[in-house]
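Enquirer: What follows is a predicted structure for the sequence shown.
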Amino acid sequence: MSEKNDKSEKEQNLDTPEKKSKELNVEEKLKETEDKLLRSLAEIENQRRRFEKEIKDAFEFGSFNFAKESLAILDNLERAKNAIKNDEILKLNKDLDKFLDNISIIEKDLISIFEKNRIIKIESKGKKFDPNFHQAMVEIEDNKSEIGTIIQEIQSGYMFGDRLLRPALVGVTKKKSSKNEEINDKKGKN
């Protein structure tokens, strides 16, 4: 019996410092494994969110390039209508108005299709110039309007949902220079 008691005492003595050390190592390993697991779960969740966003964007904006290229059709219809209206020979044709009406119907149908697909024209004329939606092509001297006001639309701009599909090409007002300023400028250059 004394042998058993000796072993028990030895085991108790051994258990105390070494067993505690082993328990700490096991606890540390458990915490480390738990930390790795939580990080992996967080990474998987982030990846899932990224994939969902990419899928959503693909559905919403997958046709962005097609929409951008389709604007050329609308531009060409408008140019054709203006060219026909300004052609002296065609003005004499009695069926000109019917032909222009048919082009207008096609143009309205195309605009309707664009609007159903969230392609909206940017209204520019009379608005303040905004570089996020407009591209200034010409500065026009005008003292009647506030500086930076759009008074000419060269090409219409369009939005695709909340994204800019194409900026409007516009003419923007600038202050008219007086004759005295022009003379002073010329003297300064000489």
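Expert: Looks like it arrived, so ask away. Residues are numbered from 1 along each chain as shown.
Enquirer: ok, the residue positioned nearest the centre of the chain to N65 distance?
Expert: In the chain, the residue lying closest to the centroid (Cα atoms, centre = their mean) is R163, at 3.6 Å. Separation of R163 from N65 (Cβ to Cβ, to the nearest Å): 12 Å. Heads up, the C-betas are built off the backbone N, CA and C, glycines and all.
Enquirer: just to revisit the earlier point, what's the neighbour count on the closest residue to the residue nearest to the centre of the chain other than its chain neighbours?
Expert: Nearest non-adjacent residue to R163, counting by Cβ to Cβ, 6 or more residues apart in numbering: F61, 6.6 Å away. F61 has 15 neighbours, counted by other Cβ atoms under 10 Å.
Enquirer: Repeat that for the one 5 residues further on.
Expert: Other residues within reach of F66, judged by other Cβ under 10 Å, total 9.
Enquirer: that's a strand at it, yeah?
Expert: No - looking at F66 with DSSP: H, G, I helix; E, B strand; the rest coil, it is helix, so not inside a strand.
Enquirer: Quick check: the residue nearest to the centre of the chain vs I120, distance?
Expert: Going from R163 to I120 by Cβ to Cβ gives 11 Å.
Enquirer: Beta-bridge partners for the residue nearest to the centre of the chain, please?
Expert: Note on R163: beta-bridge partners by DSSP bridges are F160.
Enquirer: again, but for I140
Expert: Beta-bridge pairing for I140 (DSSP bridges): T173.
Enquirer: Contacts for the one helix or strand S70 maps to next, please.
Expert: Counting by DSSP states H and E, the element that carries S70 is helix 64-86. Helix 64-86 is contacted by residues 90-91, 96, 99-100, 103-104, 106-107, 110-111, 114, 117, 119, 155-156, 158, 160, 163, 165-166 when judged by Cβ atoms under 8 Å, 6 or more residues apart in numbering.
Enquirer: how close does the residue nearest to R163 sit to R166?
Expert: In terms of Cβ to Cβ, F61 sits 14 Å off from R166.
Enquirer: got it, and N132?
Expert: With distances taken as Cβ to Cβ, N132 is found 13 Å from R166.
Enquirer: Equivalent analysis for K36, please.
Expert: Applying Cβ to Cβ, the value for K36 to R166 is 49 Å.
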